[in-house]
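# coordinates only, sequence not included:
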């Protein structure tokens, strides 16, 4: 039987440890790939939802915990016209941080819906209720035949 050199045992141990470490790294990589491709839970909430004027009308008339937020002041719209020219039940607001930690559902509208979308994005993660943006904004509300308050 050939005699083993003292360095051979260290080399064999180093090779075994290297193989184990490589196997662990490969396994962790596979786990990461599988976990990152998992589908979100069914109950995960969408950050906000664009809704039509008709859906807005129905939501306003059926929801008991809805705040309607008019953000047209962010678009150089004359806020002095708000008193006679807004969606029923709306309140004027140009600062999303005042709604942080709100527990009610929030419906946002702007002149044509684009600023309303940005306002909703600013609220994501800061409110506990559902977020809605009136798609097409106040213009869509009027074009659909709904009356201002």
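Sure, I can see it. Since the model is a prediction, treat every value here as computed from it, not as a measurement. Numbering: from 1, shown residues only.

# Tell me, how many residues neighbour residue 147?
Counted with other C-beta atoms under 10 Å, the neighbours of residue 147 add up to 8. Every residue, glycine included, has its C-beta placed from N, CA and C.

# Assign it to helix, strand or coil.
Reduced to three states with DSSP: H, G, I helix; E, B strand; the rest coil, the structure at residue 147 is coil.

# Would you mind giving me the confidence score for it?
Looking at residue 147, its pLDDT reads 90.

# Please report the distance of it from residue 93.
Here the criterion is C-beta to C-beta, to the nearest Å. By it, residue 147 lies 22 Å from residue 93.

# where along this protein do the helices fall?
If DSSP state H is used as the criterion, the helices of the chain fall at 6-36, 53-62, 114-123, 137-143.

# need the ones you listed in TSV with mean neighbour count, distance to residue 101 and mean pLDDT, can you?
Formatted as TSV, the helices of the chain follow (neighbours: other C-beta atoms under 10 Å; distance: least, C-beta to C-beta, whole Å; pLDDT from 0 to 100):
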stretch	mean neighbour count	distance to residue 101	mean pLDDT
helix 6-36	10	31	83
helix 53-62	16	22	97
helix 114-123	19	11	94
helix 137-143	19	26	96
